[in-house]
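J.: sequence first, predicted model second:
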2 protein chains.
Amino acid sequence: MAKTSRGPSMHDVAARAGVSHQTVSRVLNDFPGIRPETRARVIDAIEELGYRRNLAARALVTGRTQTIGMIGPVVPDIGPLSTLHAIERAAREADLHTLMTSAEDTAESLGDALDFLVGRGVDAIAFAAEREVMVEALEAAGVGVPVVYLLSGGEVAGLSASIDQRAGVRQAMGHLMGLGHTRIQHVSGPAEVTEARIRREEYLAVVGEAGLEPFDIVEGDWSPDSGFAAGQAIAADATAVFCANDEMAYGVLHALAEQGRRVPEDVSIVGFDDHSAACHTLPPLTTVRQDFEAVGRLAVDVMVAAVDGEAPEEPRYVSPELIVRESAAPLESR
Amino acid sequence: MAKTSRGPSMHDVAARAGVSHQTVSRVLNDFPGIRPETRARVIDAIEELGYRRNLAARALVTGRTQTIGMIGPVVPDIGPLSTLHAIERAAREADLHTLMTSAEDTAESLGDALDFLVGRGVDAIAFAAEREVMVEALEAAGVGVPVVYLLSGGEVAGLSASIDQRAGVRQAMGHLMGLGHTRIQHVSGPAEVTEARIRREEYLAVVGEAGLEPFDIVEGDWSPDSGFAAGQAIAADATAVFCANDEMAYGVLHALAEQGRRVPEDVSIVGFDDHSAACHTLPPLTTVRQDFEAVGRLAVDVMVAAVDGEAPEEPRYVSPELIVRESAAPLESR
DNA sequence: TGATAGCCTGGGACCGGTCACAGTCGCTGT
DNA sequence: ACAGCGACTGTGACCGGTCCCAGGCTATCA
């Protein structure tokens, strides 16, 4: 790539305004004790020249960047993406900037991402790690700045901000059981993904505690397509399905319809996420809402605190909320 | 925020390896003509110290950053987000890094975003501008680096990379007309959004050319909810609906079902996007696929070319593709 | 044996800001 | 009239890299 033509520098502005570069700096940083007239001259010069401060130079000398780094997954799942996007906005509120990069599920790719972020001098990092192995890899890499884990369910060492997954599962399962269901099957996310594992574990815990009938867990990959495949494997005697996310629930709905099983008359379904289309499926999907926006804000709070040295090591949670619609109905004797 | 503790610098590495900082720099940049033994010593020193190059310092002197900036919308729509994410990946392939920020629909917010990006010395900017007014605002701001517009449909001055919206609309409408429909209503996106405007214009053009029956256009905001509202306003004598995106189509499907109108027997529906859940609606949605991944790659190509000075000013398009499923059927006499 | 070339390495200026410090100026008090 | 003080502004070092250029060393050849 060619060299970017350099814009005007602080010295150019200073020359045009007939002051020193230091005075320009003071104006830029809102220092008190500048004669209004001088300030005006400087501002005019900035305007005329279209001057923009070079943040690289600034970061070089100050050693801090007011920037937080974000590492996202390579696949554009709406969940992680929304969370990252929410962080971006929360950061802006706090006058921080964000640097986004993505990493594959390899230590090497993660290393690249970290080099980039740390080399840029980010003050903290938000890591949307789907797979637990990546958390370990990051741990091993030993970066010098605070890292907040986003999708861990709070069940890893270190800083985290996430939805209380287990509570969400209990809301979903509790709703189904409250409707009289005892034969509840689970469509889970990929086994190696932390969130999927936690939801699955909690499902099993509830099944065990309540003495429900055990079913094989069907595993998908979060996509509607995998949900469709899972839907074809739903046991004939299951009366309810708890899906680990809404998008798989869409596929399950489709597969069930093809089998001629009616929802919710024959089978009740509960999803997870409250995806934007969840209220417009046929029938509208009962689900557990995850407030990604809140997680983003929480993550920024945690990062700011950590950078200031007050790092609360206990996990920080956002509570999920059950959204009752029409895809789950009371069990009727059939 | 506290000052980040400074890590080891190139001089520290040089001292430890018993060479000059210059030699360290050469090793880092893969310069030829370093004795293997020397190189090994330097690499060891880097390893031992956990040294990471300070990119701010590097950017300061080189004047280029190998980084492209991205400006996204504040609302996390899957379309723009996917495109931006695709750029991030395409950029990584090309050994570029990405700096993401978002801007609201105000000149001030855009100015902040630009200050950040340009101040960081990005070599080019990808702008996911939903609203045309923002394109003008950016034009007016006059940044010194190439800007590629993503969601413009290629119909703005300057560089762009986008889906050929008009072709997509003609595919959708052509499909419907081929099935015998002449009473086709349109559910559009927000009027001030470029893509929505283009799809709407092209819809009207097709209607005019083919001499179809005119219907009022119902406007939504891309969301399933707005699609639901739009669905309630579908004319009783319309036999087909062309929705400007899939998510609104979900809502329309829902609304139509509530009215007791069957899809596709009574009303045919075509969407736009090929959203991940589109193949699992009831019935599965016929739609126009947008390949965001390809747009991302294209955008990076355009940016690299522009930075190298070969800026092809004509718009670059990715062709959409009609995906035929079951929500649109031949018009039967009723 | 000494000059020349080629390989490898080091020295110093510089990028564009911020920081610490040192002026300059006008006004007051005695 | 002059020291003293506060308000305002300027000077130069420095952050951590890269670039240009100069130098030391070994190998080759006259």
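T.: Nice, thanks for sending it over.
J.: shaky segments in the stretch 151-300 of chain A?
T.: A:154 (pLDDT under 70).
J.: mind jotting down where the helices sit in it?
T.: If DSSP state H, counting those that start in this stretch is used as the criterion, the helices of the stretch 151-300 of chain A fall at A:165-178, A:194-210, A:224-231, A:246-258, A:292-307.
J.: tell me which of those helices sits most buried.
T.: Mean neighbour count (mean count of other C-beta atoms under 10 Å in any protein chain shown) peaks for helix A:246-258 among the helices of the stretch 151-300 of chain A, with a mean of 26. C-betas here are computed from N, CA, C, even on glycine.
J.: so which elements touch that one?
T.: Counting by 3 or more C-beta pairs under 8 Å, 6 or more residues apart in numbering or on different chains; DSSP states H and E, the packing neighbours recorded for helix A:246-258 are strand A:184-188, helix A:224-231, strand A:240-243, strand A:268-270.
J.: can I get these in a markdown table with distance to DNA strand C?
T.: Shown next, in a markdown table, are the helices and strands packed on helix A:246-258 (distance: least, C-beta to the nearest atom of the strand, whole Å):
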| stretch | distance to DNA strand C |
| --- | --- |
| strand A:184-188 | 51 |
| helix A:224-231 | 50 |
| strand A:240-243 | 52 |
| strand A:268-270 | 54 |
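J.: A:Ser276 is in contact with A:Leu285, correct?
T.: No. Under the criterion of C-beta atoms under 8 Å, A:Leu285 is not in contact with A:Ser276, lying 11.3 Å apart.
J.: the two - which one has more neighbours?
T.: Ranked by neighbour count (other C-beta atoms under 10 Å in any protein chain shown), A:Leu285 and A:Ser276 place A:Leu285 first, with 28 against 21.
J.: list the contacts for the more buried one?
T.: A:Asp246, A:Ala249, A:Leu253, A:Ile269, A:Val270, A:Gly271, A:Ala278, A:Cys279, A:Arg325, A:Ser327 (C-beta atoms under 8 Å, 6 or more residues apart in numbering or on different chains).
J.: for the residue lying closest to A:Val300 once chain neighbours are set aside, give me phi and psi.
T.: Sequence neighbours aside, A:Ala90 is the residue nearest to A:Val300 in space, at 4.1 Å (criterion: C-beta to C-beta, 6 or more residues apart in numbering or on different chains). The phi/psi pair for A:Ala90 (degrees, to the nearest 10) reads phi -60, psi -40.
J.: how close does A:Leu151 sit to A:Arg58?
T.: According to C-beta to C-beta, to the nearest Å, A:Leu151 and A:Arg58 sit 33 Å apart.
J.: which one of the two has more residues nearby?
T.: Taking neighbours as other C-beta under 10 Å, A:Leu151 and A:Arg58 compare with A:Leu151 leading, 28 against 18.
J.: wait, that one sits on A:Ile198?
T.: No. Counting by C-beta under 8 Å, A:Leu151 does not reach A:Ile198; the two are 9.9 Å apart.
J.: re earlier: of the helices and strands packed on helix A:246-258, which is nearest chain B?
T.: Comparing the helices and strands packed on helix A:246-258 against chain B with C-beta to the nearest C-beta, the closest turns out to be helix A:224-231 (4.5 Å).
J.: any idea what A:Ser268 is bridged to?
T.: Beta-bridge partners for A:Ser268, by DSSP bridges, are A:Ala240.
J.: so it versus A:Arg26, what's the distance?
T.: 67 Å.
J.: give me the more crowded residue out of these two.
T.: Between A:Ser268 and A:Arg26, counted using other C-beta under 10 Å, A:Ser268 has the larger neighbour count: 25 against 18.
J.: that one reaches A:Arg325, doesn't it?
T.: No. Counting by C-beta under 8 Å, A:Ser268 does not reach A:Arg325; the two are 11.2 Å apart.
J.: overlap of the contact sets of those two?
T.: By C-beta under 8 Å, 6+ apart, the residues touching both A:Ser268 and A:Arg325 are A:Thr286.
J.: burial measure for the closest residue to A:Glu332 other than its chain neighbours, as a count.
T.: Nearest non-adjacent residue to A:Glu332, counting by C-beta to C-beta, 6+ apart: A:Glu265, 7.7 Å away. By other C-beta under 10 Å, 11 other residues sit near A:Glu265.
J.: how much space between A:Glu265 and A:Ala257?
T.: Here A:Glu265 is placed at a distance of 12 Å from A:Ala257 (C-beta to C-beta).
J.: also A:Arg92?
T.: Computed with C-beta to C-beta, the distance linking A:Arg92 and A:Ala257 is 43 Å.
J.: so what's the closest residue to DNA strand C within chain A up against?
T.: With C-beta to the nearest atom of the strand, the shortest gap between chain A and DNA strand C falls at A:Met10, namely 2.8 Å. Contacts for A:Met10 (C-beta under 8 Å, 6+ apart) come out as A:His21, A:Val24, A:Ser25, A:Tyr51, A:Arg53.
J.: once you drop chain neighbours, what's closest to the third one?
T.: Put plainly, it is A:Ser25. Of all residues not flanking A:Ser25 in the chain, A:Met10 sits nearest, at 6.5 Å (C-beta to C-beta, 6+ apart).
J.: per-residue confidence at the one you found?
T.: The score at A:Met10 is 89. That number is its pLDDT.
J.: can you check A:Pro312 too?
T.: Reported pLDDT at A:Pro312 in the predicted model: 66.
J.: with A:Met1 instead?
T.: On the pLDDT scale, A:Met1 gets 32.
J.: just the strands in chain A please.
T.: With DSSP state E as the criterion, chain A has strands at A:67-72, A:97-102, A:124-127, A:147-149, A:159-163, A:184-188, A:218-219, A:240-243, A:268-270, A:287-289, A:316-318, A:321-323.
J.: among those strands, which is the most enclosed?
T.: strand A:240-243 (a mean of 30).
J.: burial of A:Glu332, as a residue count?
T.: 11.
J.: no, scratch that, I was asking about A:Ala45
T.: 21.
J.: returning to that earlier point: and the contacts of A:Met10, which are buried?
T.: A:Val24, A:Ser25, A:Tyr51, A:Arg53 (16 or more other C-beta atoms under 10 Å in any protein chain shown).
J.: which residues sit in contact with the last one?
T.: Applying C-beta under 8 Å, 6+ apart, we find A:Arg53 in contact with A:Met10, A:Leu28, B:Asp115, B:Gly119.
J.: for the closest residue in space to the third one that isn't next to it in sequence, what are its contacts?
T.: The shortest distance from B:Asp115 to any residue other than its chain neighbours is 6.0 Å, reached at A:Arg52 (C-beta to C-beta, 6+ apart). Under the criterion of C-beta under 8 Å, 6+ apart, the neighbours of A:Arg52 are A:Gly7, B:Asp115, B:Val118, B:Gly119.
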